[in-house]
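[1] Following is a predicted model, sequence given first.
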Amino acid sequence: MLLGGPDVAALPSPIWLDYGDGVYAGLLDVSGLRKLGVGLRLRVDHLEAIKKVAEHKGIPYQTLIQMWLVEKLRQEAPDLLHD
């Protein structure tokens, strides 16, 4: 068991998918919500800028990326979101 964290053995194992071009995803069921972990390659300077904005806002940079993606989806394709 991790100090202050969940028992890793009790966590569900993700199913990893390779989409090519450095994009990997892990499908994981968490709390009944279906989430897909995505790995992608970003320019170093872009990632550093994202991390600085996230730090300024006091949130993890992954959360900021997710917020920005959902914000753009709401603008471009609101009928495709189910939230």
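    Arrived safely.
[2] Now do the longest helix along the chain: which elements does it pack against?
    As assigned by DSSP state H, the longest helix anywhere in the chain is helix 61-76. Secondary-structure packing of helix 61-76 (3 or more CB pairs under 8 Å, 6 or more residues apart in numbering; DSSP states H and E): helix 44-57. Placement of C-beta: from N, CA and C, glycine included.
[3] which outside residues touch the longest helix of the chain?
    Outside helix 61-76, the residues within contact range by CB atoms under 8 Å, 6 or more residues apart in numbering are 47, 50-51, 53-55, 57, 80-81, 83.
[4] Let's have the residues you listed in JSON lines, adding pLDDT, neighbour count and distance to V70.
    Converted to JSON lines, these look like this (pLDDT from 0 to 100; neighbours: other CB atoms under 10 Å; distance: CB to CB, whole Å):
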{"residue": "L47", "pLDDT": "95", "neighbour count": "13", "distance to V70": "19"}
{"residue": "I50", "pLDDT": "96", "neighbour count": "16", "distance to V70": "15"}
{"residue": "K51", "pLDDT": "96", "neighbour count": "14", "distance to V70": "19"}
{"residue": "V53", "pLDDT": "95", "neighbour count": "13", "distance to V70": "16"}
{"residue": "A54", "pLDDT": "93", "neighbour count": "17", "distance to V70": "15"}
{"residue": "E55", "pLDDT": "95", "neighbour count": "12", "distance to V70": "20"}
{"residue": "K57", "pLDDT": "92", "neighbour count": "12", "distance to V70": "15"}
{"residue": "L80", "pLDDT": "88", "neighbour count": "8", "distance to V70": "11"}
{"residue": "L81", "pLDDT": "81", "neighbour count": "9", "distance to V70": "7"}
{"residue": "D83", "pLDDT": "63", "neighbour count": "5", "distance to V70": "8"}
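[5] between these, which is closest to R34?
    D83 (12.6 Å; CB to CB).
[6] Let me know the distance separating Q66 from K35.
    Per CB to CB, to the nearest Å, Q66 is found 10 Å from K35.
[7] Go ahead and list the helix or strand containing L36.
    strand 33-39 (DSSP states H and E).
[8] Excluding chain neighbours, what is closest to V53?
    Closest residue to V53 apart from its sequence neighbours, by CB to CB, 6 or more residues apart in numbering: L64 at 6.3 Å.
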